[in-house]
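Q: Mind folding the following:
(chains A and B)
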Amino acid sequence: MGELPQVVRGFGTTFVTMFKHVNTEQYPEAKDKFPPKPRFHGRHQLNRHPDGLEKCVGCELCAWACPADAIYVEGADNNDIARFSPGERYGRVYQINYLRCIFCGLCIEACPTRALTMTHDFELADNGREKLIFEKADLLAPMLPGMLKPPHAMAPGTTAKDYYEGTVRGATPEQIADAEAQANPEPVVIEGVVFLDSEVTQ
Amino acid sequence: MGLEEKLPSGVLLTSVEKLAGYARKNSLWPATFGLACCAIEMMASGAGRYDLARFGMEVFRASPRQADLMIVAGRVSQKMAPVLRQIYDQMPEPKWVLAMGACASSGGMFNNYAIVQGVDHIVPVDIYLPGCPPRPEMLIDAILKLHDQIQDTKLGSNREREVRELETVALGATPLIDQRGLLR
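A: So this is what the prediction gives:
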């Protein structure tokens, strides 16, 4: 009979615990309640100017800064037929190998145009190596209202400097007309390889 | 493995597959293979805040003979590679491998002669998890994606057909050693 109070005390502990604060984060069910911190390093994103042109200028500084050699960039020249970014050059091929990437953020520090930033997206696991090499199409920022899908001309009367200073606010009617004129680009064949992605134009 | 392998292909087999998949995915016991910093995050996933016990995975087995899932957490050196393979071989079927973190998945930033450039050179990997190290939520996400794979596991004659199809694909693929660029 001497054991009974101890048993009762034991159950008492269990009972009191039921009213204590629950430490567990219910991750997949209530993930919105536990967002990552503001500076969390997640999946990369290639940003756009407010009129839809890409910010990436294909300088490869991110690839040079990368300690894990996870980034592969091929730049190409913009021209009057197809313009993807303001200024001279744009990133034609942009790949990040997430199996190599260590999410250190040195690429973000290296980027001179703030084209590359990091999102809070971290659910990246997949079942193949190929699936974890993200192409430009996977990394580009979504089109926001007022944006126009490249290739299209720069806003009339502006230079690359105006874009970087933030004076371009959105796509103008002239740009929309120009984009319609350039619609439906043909698949590009480079050295026998067909690039079906409409973003890739030489 | 047992009687379920002898079942004729059809409704019965697919029902058994679903039941077996449900049972397997909800009692997945991981073998600890903590090799580096990822192991700290793996331990955090098992602890109270993230609580892998919610998915029936609370027992990290120290013995491979009682484990279904090998979480390779950390960089695998050339010297560790045969040990890792032996642990994998000691695990009973069915078994799965999760390559946790950049180093286990591809060698990560350690692209040198001492580190195996991805554990898929040694054991078949079912799911790759990027990150350096991945946060516990990422590990839980990878495990949940693996659960979906396990739920769809085939048995018996369906499995034989799946293996044949996978083998055809695998024979046509470029060997890891010949892959170039970012795939290396």
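Q: When you work out contacts or count neighbours from here on, use the C-alpha atoms and nothing else.
A: Fine.
Q: count of neighbours near residue B:57?
A: Residue B:57 is flanked by 19 other residues according to other C-alpha atoms under 10 Å in any protein chain shown.
Q: Also residue B:9?
A: Residue crowding around residue B:9 was assessed by other C-alpha under 10 Å; the count is 13.
Q: And for residue B:173?
A: Residue B:173, neighbours per other C-alpha under 10 Å, totals 10.
Q: so where do the helices sit in the chain?
A: Looking at chain A here, since you left the chain open. Secondary structure of chain A (DSSP state H): helices at A:4-17, A:61-65, A:106-110, A:136-139, A:160-165, A:173-181.
Q: That was the other one, I meant chain B.
A: For chain B, the helices defined by DSSP H occupy B:11-25, B:38-46, B:81-90, B:101-106, B:136-151, B:156-172.
Q: how about the shortest one, does it get close to chain A?
A: Spelled out, that is helix B:101-106. Yes: remark: helix B:101-106 sits within contact range of chain A at B:101-103, B:105-106, by C-alpha under 8 Å from any C-alpha of the partner chain.
Q: helices or strands next to that helix in the packing?
A: In this structure, helix B:101-106 makes packing contacts with strand B:69-73, strand B:127-129, judged by 3 or more C-alpha pairs under 8 Å, 6 or more residues apart in numbering or on different chains; DSSP states H and E.
Q: And these: which comes nearest residue A:110?
A: strand B:127-129 (25.6 Å; C-alpha to C-alpha).
Q: check whether that closest one contacts chain A.
A: Yes: using C-alpha under 8 Å from any C-alpha, strand B:127-129 comes into contact with chain A via B:127-129.
Q: So which bits of chain B are right by chain A?
A: B:48-51, B:101-103, B:105-111, B:125-133, B:137-138, B:140-142, B:145, B:182-183.
Q: switch the cut-off to 6 Å
A: Residues of chain B lying close to chain A by C-alpha under 6 Å from any C-alpha of the partner chain are B:48-50, B:102, B:105-106, B:108-109, B:126-132, B:138, B:142.
Q: Please list the residues of chain A that sit near chain B.
A: A:23-25, A:68, A:98-100, A:102, A:123, A:125-127.
Q: Among those, which ones are in strands?
A: Among those, no member falls in strands (DSSP state E).
Q: can you list these in TSV and add neighbour count?
A: Formatted as TSV, those follow (neighbours: other C-alpha atoms under 10 Å in any protein chain shown):
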residue	neighbour count
A:23	10
A:24	12
A:25	16
A:68	21
A:98	30
A:99	34
A:100	33
A:102	25
A:123	18
A:125	29
A:126	18
A:127	18
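Q: would you list the residues you listed in CSV and tack on pLDDT and distance to residue A:116?
A: Output for the residues of chain A next to chain B, formatted as CSV (pLDDT from 0 to 100; distance: C-alpha to C-alpha, whole Å):
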residue, pLDDT, distance to residue A:116
A:23, 87, 35
A:24, 88, 34
A:25, 88, 31
A:68, 90, 17
A:98, 91, 15
A:99, 90, 18
A:100, 90, 17
A:102, 92, 15
A:123, 90, 19
A:125, 91, 21
A:126, 90, 23
A:127, 87, 26
